[in-house]
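# Test case, fold it:
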Amino acid sequence: MEHNDATETRRTHGHRTPYERFVEATHDRVSQAPFFFVCLAVVLVWLASAPLWVDLKAWQVAIHTVASIVSLLLLVLLENAGRRSDEAAQEKLNVIAEALSDLMDSRAREDEELGESVRKLREAVGLEERH
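Below is the predicted model of the structure:
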């Protein structure tokens, strides 16, 4: 069975790295309603601060710059969390498929059609033949 980066990290370190913990904590926070309300509050404060700015163009640039930076950072963190989630799900599916394949293989001695199904299953998920 092929292992990915997330699998190797867990195997070699036995735990998540500080970056992985940071990504997970960030993902948990930004995917909840309070984060939306914080963003809304920032926009409302920005709107209310218009009279305090001498140049309205600078006022617009300020929110665009902050929004762009926050968006880029969140995009990178959330994409990383999504990739790790996909890798974990794929790893679980591979383990289930391998167990099913082994079970089917043990019964294939009695049923030739089952042997063909085992071959197709292993081919479909990329499992190696065991000798």
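# CA only for contacts and neighbour counts going forward, please
Noted.
# For the helix or strand where residue 115 lies, name the packing helices and strands.
Taking DSSP states H and E as the definition, residue 115 sits inside helix 112-125. Where contact means 3 or more C-alpha pairs under 8 Å, 6 or more residues apart in numbering; DSSP states H and E, helix 112-125 is packed against helix 56-107.
# where does the chain have low pLDDT?
Applying pLDDT under 70 to the chain flags residues 1-14, 127-131.
# What lies in contact with the helix holding residue 115?
Contacts of helix 112-125 with the rest of the structure, by C-alpha atoms under 8 Å, 6 or more residues apart in numbering, involve 94, 97, 98, 101, 104, 105, 107, 108, 109, 128, 129.
# out of these, who has the most neighbours?
residue 101 (22 neighbours; other C-alpha atoms under 10 Å).
# and that one, what does it touch?
With C-alpha under 8 Å, 6+ apart, residue 101 has these contacts: 118, 121, 122.
# I'd like to know how far it sits from residue 123.
When distance is defined by C-alpha to C-alpha, to the nearest Å, residue 101 is 11 Å away from residue 123.
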